[in-house]
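Novice: dropping the sequence and predicted coords here.
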Amino acid sequence: MTGASEEPQDPEVSVDLPRVKRPGFVYFLGYGIMAPVARVVFRPHIVGRENIPSTGRVILASNHLSFIDSIVIPLVATRRVQFLAKSTYFTGTGMKGWVSRTFFTAIGAIGVERGAGQAAQAALDEGRAVLEAEGAFAIYPEGTRSLDGRLYRGRTGVAWLALTTGAVVVPVGLVGTQEIQPVGSKVPRIRKVTVSFGAPIDLSAHGPATSGKARRQATDEIMAAIHELSGQELAGSYNETPANPLVRLADRVFPRERV
């Protein structure tokens, strides 16, 4: 979800969660306009949509191949889905800022600061607030999109959210979205995509959210389900900027948890 290495806060500790930013009129207007357009541009082949629970707390955990992913998932899901987006998308000025702010509001995005430490925890708390309001929350366990098409190791924030809130996780496999808007491209192309929703996963058997082992095992189960749906080659590492040799060596000896 983020590039942070710090562990999430103890879920037993009382924290003030952010107020849930529920999509309003702009969301429904945008959805009504964008959904028909999406069916033409993306020509989505949707598999397993019935696996999304109609009510209650649910996390949609997806692979991440393109900026377009954050548009495709909310438009094809059977629930009103919210996800995190860079806060800069909501703070621009002038006409460009208004267009950006309106667009991301329309697709149910929540603006957050990205980064390590407190920024990472703030992002997790935003997701927790959505789930504890009985909502549906989408997240990319890889943290950022894959530039080479491989599936990277999952960060444990997704497991922390599920184990803390009791939400079930629906794995999502996206195929072909990178062809609509390849890296560096600003204009989407008309291409067919496949969106597969897997069976809901109850992660509670792994243990409490306070357990690092439980978070890791739960995350690995989620990533295995995503891999089965997407069919991607496994990278076997985190999707992050390569570290220097000393940092890589230290990581092997004392593995850090990425959330």
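Specialist: Structure's in. What do you need?
Novice: tell me the buried residues in the longest helix seen in the chain?
Specialist: Ordering each helix of the chain by length in residues (DSSP state H) puts helix 212-230 first. Residues of helix 212-230 classed as buried by neighbour count (16 or more other CB atoms under 10 Å): 212, 214-219, 221-223, 225-227, 229-230. From N, CA and C alone the C-beta is placed, and that goes for glycine too.
Novice: likewise stretch 122-141?
Specialist: In stretch 122-141, counting by 16+ other CB under 10 Å, buried: 122-131, 135-141.
Novice: how long is it from one end to the other?
Specialist: 16 Å (CA to CA, to the nearest Å).
Novice: next, report how far it is displaced from the centre of its chain.
Specialist: 9 Å (CA atoms, centre = their mean, to the nearest Å).
Novice: cool, stretch 93-112 as well?
Specialist: The answer for stretch 93-112 is 18 Å, by CA atoms, centre = their mean.
Novice: quick check: mean pLDDT across it?
Specialist: The predicted model gives stretch 93-112 an average pLDDT of 78.
Novice: just use 17 as the starting number from now, easier for me
Specialist: In the new count, where the first residue is 17, that last one comes out as stretch 109-128.
Novice: quick one, what contacts Leu163?
Specialist: Shown in contact with Leu163 (CB atoms under 8 Å, 6 or more residues apart in numbering): Val199.
Novice: mind checking what secondary structure it has?
Specialist: coil (DSSP: H, G, I helix; E, B strand; the rest coil).
Novice: dihedrals phi and psi, it?
Specialist: phi -90, psi -20 (degrees, to the nearest 10).
Novice: what is the neighbour count of Leu177?
Specialist: Per other CB atoms under 10 Å, the neighbour tally for Leu177 reads 28.
Novice: how near is it to Gly170?
Specialist: Look at Leu177 and Gly170: by CB to CB, to the nearest Å, they are 12 Å apart.
Novice: returning to what we had before: which ones among the buried residues of stretch 138-157 map onto helices?
Specialist: Counting by DSSP H, the buried residues of stretch 138-157 place 138-147 in helices.
Novice: and of those residues, the nearest to Leu219?
Specialist: Leu147 (13.1 Å; CB to CB).
Novice: so what's the closest one up against?
Specialist: Neighbouring residues of Leu147 by CB under 8 Å, 6+ apart: 73-75, 153, 177, 181, 183.
Novice: what segments of this protein are strands?
Specialist: Remark: strands assigned in the chain by DSSP state E are 61-63, 74-78, 97-102, 125-128, 152-155, 184-191, 210-213.
Novice: switch those strands over to JSON lines; also include distance to Ser116.
Specialist: Formatted as JSON lines, the strands of the chain follow (distance: least, CB to CB, whole Å):
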{"stretch": "strand 61-63", "distance to Ser116": "28"}
{"stretch": "strand 74-78", "distance to Ser116": "22"}
{"stretch": "strand 97-102", "distance to Ser116": "10"}
{"stretch": "strand 125-128", "distance to Ser116": "10"}
{"stretch": "strand 152-155", "distance to Ser116": "19"}
{"stretch": "strand 184-191", "distance to Ser116": "23"}
{"stretch": "strand 210-213", "distance to Ser116": "25"}
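Novice: out of these, nearest to Gly223?
Specialist: strand 184-191 (15.3 Å).
Novice: and the contacts of the closest one?
Specialist: If you take CB under 8 Å, 6+ apart as the criterion, strand 184-191 is touched by 67-69, 72-81, 85, 88-89, 154, 174, 178, 209-219, 238, 241-242, 244-247.
Novice: that strand to strand 74-78, inter-axis angle?
Specialist: 30 degrees (axes from the mean of the first three to the mean of the last three CA atoms, to 10 degrees).
Novice: got the angle between strand 184-191 and helix 228-246?
Specialist: 40 degrees.
Novice: buried residues in strand 184-191, which are they?
Specialist: Buried residues in strand 184-191, counting neighbours by 16+ other CB under 10 Å, are found at 184-191.
Novice: and if you look at stretch 104-119?
Specialist: Going by 16+ other CB under 10 Å, stretch 104-119 has these buried residues: 106, 116-117.
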